[in-house]
Structure formats: C-alpha cells, structure tokens
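Asks: A predicted structure for the sequence below; I have some questions about it.
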Amino acid sequence: MRKIQLGVIFGSRSCEREVAIISAVQLMNHADPEKYDVIPVYIAPDGRWYTGAALREIGFYVDFKPEKVQEVHFDLTAGSGALTAIKPGKGLFGKPEQVIVARLEVCVIVMHGLNGEDGTLQGLLELANLPYTSAGVAGSAIGMDKIMMKTFFRGCGFPVLPGCSFTASAFEKDQMACIAEVEKTLGYPVYVKPANLGSSIGVSRADSLPELLDAFALAFEYDRRVLVEKGLDRPIELNCSVLGFDDEAEASPIEMPVSAEQTLTFAEKYLAGGGTKAGGMASLKRVLPAPIPDDLRDRIQALSCDIFRALDCKGVVRIDYMWDRNSDELYITEINTIPGSLAFYLWQAAGMKYSTLIDRMVAYARKAHEEKNSRTFVYASDILRGAKLGGTKGAKGSKGLKG
C-alpha cells in the first residue's frame, strides 16, 4: 500500500507557538508509520519554513539550529504540494538550482492562535488546492475571534454570557466611558480577554475598578480589540470535542478541568504536567468523564454537534462551556477549531486510539477536498469578448459592459 505524504504544519508567528509545537510532536509520534510518510513543516517565528527529521524531537526546539534542518518554500501552484529548496551551484560559476524536497498530499494543521488557526493558513491551502484537516476559512476566522464568535453564536440562538467589546482607540479616548459601560451592563466580576488569543493568554478576572483597569491594560498588550464577559459565581468548566465533517458529527465524552484558580491559567493548561510523556493539554488535571447529570451531558453533546455544523467545521474541535449549578444555565465559552493536543485524550476516553483519530481526520480532509473539487468553479461566458475598457478612464462608466 502506497503511503500518504502527510504534511504536519505547525509553529508560526503566534503567542501560542510553543503549545503548537507540543501538539504537533505528539501527533507526529502517533501517526501510523505503515500508512503515512510524516513530513514535518515548521514555520519559525521569523516566518521561515523548515522541514527535516530533527523537527520530530521536542528537545530540538529548546536550542533551535536552522542548519540542522532544511529551509523550504511552499509552491502555491494548485495541486502541486511541493516544498522546494535552493541548491547551491557547483563550482565557481555554477548556478543555484531549485529542487523539490517533498510533496504534500494531505496537510494536518497544528496551529494555535493567529497566523494558522484563524483562517490564514486555511486560505493558503485553499489556493494551493490541497486537503487539510481543520475547519475552513470562515469557520476558522470566526472561531478565532472571540467577539465575532460571540455575535455569531448569539445570532444562532446558542447560549452565551452577556458581554461587551472595546477597541484600544476607544479605550484610550475615553477610559471612564468604557468602564461605565462595563459596570452598568455587566457589573462585577468580569473576565477581560484579548479577542484573538487562546490558551488563557492575556485573560484576567476583575472584581473591582482597579482590577478592571489592570485587566484592560493586560488584554490590550495582546490585541487592539478586547472582549469583556460577565463572570459567574464559581461555575463548572466543561469541555466537549466533536469529530466529523458535513452531516457527520460525533461528540466525545465530556471533561471537567480541575483548576486551583478562578480561571484556568496557561500554566495549568500546559506546564502543570511537567515532564510527563503526554504533555500539553493531555497532562491537565481533569475529571473524565465529568460527574454531571445525564441530561446535562446529553444537552452539551447535542449543542456541540449543532455548533460544529453551524460553523461548517471539519476534523476535530473542542468546545468549552461554563455551567452555573445554581441556575442550571449553560453558556458557551468558546470553540477551539484546532484544540490543544488535538483533544486526543477525550477520544481515548471513548475508546479511540490517537492513531485512529488521525486516520479519521485525514479521511475527512480528503472527503471535503473531493467534495469541493466536484463543484463547478468556472462559468463560461462571452463577457471578455465584448468588453471595452473605455480608453484611459478604465472600465468605470464604459458602455462596453452591460450588467
């Protein structure tokens, strides 16, 4: 059986780059070597692309040495999938030569945060006409932006916490007006979050005016747009993953992360496991399955599938919730279209091996790609034959174009 050339694209220019490295190395070490030739594609913080066997070792990134791997360029020609490199010419007058280092058939995107999880890389792969494992351009972009996500969910009728948003320019122009809106609309406590970050980076809780000012200052360090959400009284955090594509959507068991803080921090998510073999989100303290009533479990799993379909997701996602035990109200916190550790630990709890999860993700990527390519993209018309641009004034007002 011919192996699939599986490109694992990870890293990028993001605050969550190191988390993506952990998730990617985990995935590469679990992909079935009988089915795939795994090709690491690491995007460094300076935007350079690299490939090479050393990228499969987590320790390599502690003291990254570019000379130990191959810098490559990605060919955007539709269907090519080529990673190319410049080979120096031989001799004094030898000319440099472009060579193909590898060809990617299917791409697994393992990016967390901007420049990868937000639709940018998805758009690149759409142009290159290659199958990829994550949600599409629109779903990825909405899923990354907490403000747009909240607006979308509210429009769908999905339960979200009350909130308001601000830009850095509006806050700088009139801080007290922004503070007054928060206090009047939401009251305390509130959570202040950068619009386009994950992994709890830049997120803080405010129980008073001084704390709110500090929370704004922190959030604006990471983004020019900030979301403020109403805080609940010691809510229960619950997470559920969904796997599938199109009408197929399957929900995982539900986890309850255990936090020593009022909000789950970056350190608890990714550093608490220390040197554990699993690392990343897989080493987070959790209760799995979550000790919740059966009707709540069913409600979360059904809602998670509805969210997955509404955003036209693909592959594997994780949706985070807050449950208020006193009122029995459930609220969506966010969707992670490329979750930490690809949420494999949630599927292991359902009896699915990580290697099987990867197989399913690849299969859905190829199915979506085939579905897209089966559609009509070119509409033949005679519009160019009769077009007249009207001389130096261009097409505007030209009588040659009739619509």
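Replies: Sure thing, it's come through.

Asks: so what's the closest residue to Ile307 other than its chain neighbours up against?
Replies: Spatial nearest neighbour of Ile307, excluding adjacent residues (C-beta to C-beta, 6 or more residues apart in numbering): Ile319 at 5.8 Å. From N, CA and C alone the C-beta is placed, and that goes for glycine too. Applying C-beta atoms under 8 Å, 6 or more residues apart in numbering to Ile319 gives the contacts Asn239, Cys240, Ser241, Val242, Leu303, Ser304, Ile307, Phe308, Ile332, Glu334, Ile335, Asn336.

Asks: just confirm the fifth one contacts Phe158, I think it does.
Replies: What it means is Leu303. Yes - if you go by C-beta atoms under 8 Å, Leu303 and Phe158 touch, sitting 7.0 Å apart.

Asks: what is in contact with the two at once?
Replies: Ile332.

Asks: farthest pair in the contacts of Ile319?
Replies: Farthest-apart pair in those is Leu303 and Asn336; separation 15.4 Å (C-beta to C-beta).

Asks: between these two, who's got more neighbours?
Replies: For Leu303 versus Asn336, neighbours defined as other C-beta atoms under 10 Å are more numerous around Asn336 (23 against 18).

Asks: for the chain, give me the ranges with low pLDDT.
Replies: Applying pLDDT under 70 to the chain flags residues 198-199, 259-284, 391-403.

Asks: buried ones in the top helix by length along it?
Replies: Taking DSSP state H as the assignment, the helix of the chain that covers the most residues is helix 354-373. Of all the residues in helix 354-373, those buried under the rule 16 or more other C-beta atoms under 10 Å are 354-355, 357-362, 364-366, 368-369.

Asks: for stretch 24-44, same thing?
Replies: Neighbour-count burial for stretch 24-44, counted by 16+ other C-beta under 10 Å, picks out 24-28, 30-32, 35-36, 38-44.

Asks: quick one: contacts of stretch 354-364?
Replies: Identification of contacts with stretch 354-364 by C-beta under 8 Å, 6+ apart yields 4, 6, 26-27, 30-32, 35-36, 106, 108, 133, 243-245, 248, 314-316, 342, 344, 347-348.

Asks: that older thread, tell me the strands beside the helix or strand harbouring the residue nearest to Ile307, with direction?
Replies: Using DSSP states H and E, Ile319 sits within strand 314-324. Using DSSP bridges, strand 314-324 pairs in its sheet with strand 236-245 (antiparallel), strand 329-336 (antiparallel).

Asks: may I see the ones you listed organised as CSV, with distance to Ile383 added?
Replies: As requested, these are arranged in CSV below (distance: least, C-beta to C-beta, whole Å):
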stretch, distance to Ile383
strand 236-245, 35
strand 329-336, 41
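
Asks: pick the most buried one from the ones you listed.
Replies: strand 236-245 (a mean of 23; mean count of other C-beta atoms under 10 Å).

Asks: what's the next helix or strand after that one packed up against?
Replies: Remark: after strand 236-245, the chain's next helix or strand is strand 248-257, criterion DSSP H and E. Packing partners of strand 248-257 (3 or more C-beta pairs under 8 Å, 6 or more residues apart in numbering; DSSP states H and E): strand 236-245, strand 286-287, helix 294-310, helix 344-348.

Asks: list of residues touching strand 248-257?
Replies: With contact meaning C-beta under 8 Å, 6+ apart, strand 248-257 is reached by 236-244, 264, 268, 284-292, 297, 300-302, 304-305, 308-309, 343, 345-347, 349-350, 364.

Asks: redo that, cut-off 6 Å
Replies: Residues outside strand 248-257 that contact it (C-beta atoms under 6 Å, 6 or more residues apart in numbering): 237-244, 264, 284, 286-290, 297, 300-301, 304-305, 308-309, 346-347, 349-350.

Asks: now the angle from that strand to helix 294-310?
Replies: On the basis of axes from the mean of the first three to the mean of the last three C-alpha atoms, to 10 degrees, strand 248-257 is oriented at 130 degrees to helix 294-310.

Asks: quick check: angle from strand 248-257 to helix 354-373?
Replies: Strand 248-257 runs at 140 degrees relative to helix 354-373, counting by the same axes, to 10 degrees.

Asks: list the buried ones in strand 248-257?
Replies: Ala249, Glu250, Ala251, Ser252, Pro253, Ile254, Glu255, Met256, Pro257.

Asks: and the gap between the first one and Val160?
Replies: When C-beta to C-beta, to the nearest Å is applied, the distance between Ala249 and Val160 equals 20 Å.

Asks: before we move on, what about the third one?
Replies: Between Ala251 and Val160 the distance is 19 Å, computed by C-beta to C-beta.

Asks: same question for the fifth one.
Replies: Using C-beta to C-beta, Pro253 is found at 24 Å from Val160.

Asks: what about the helices in the stretch 151-300 of the chain?
Replies: Remark: helices assigned in the stretch 151-300 of the chain by DSSP state H, counting those that start in this stretch are 168-173, 175-185, 209-222, 266-270, 294-310.
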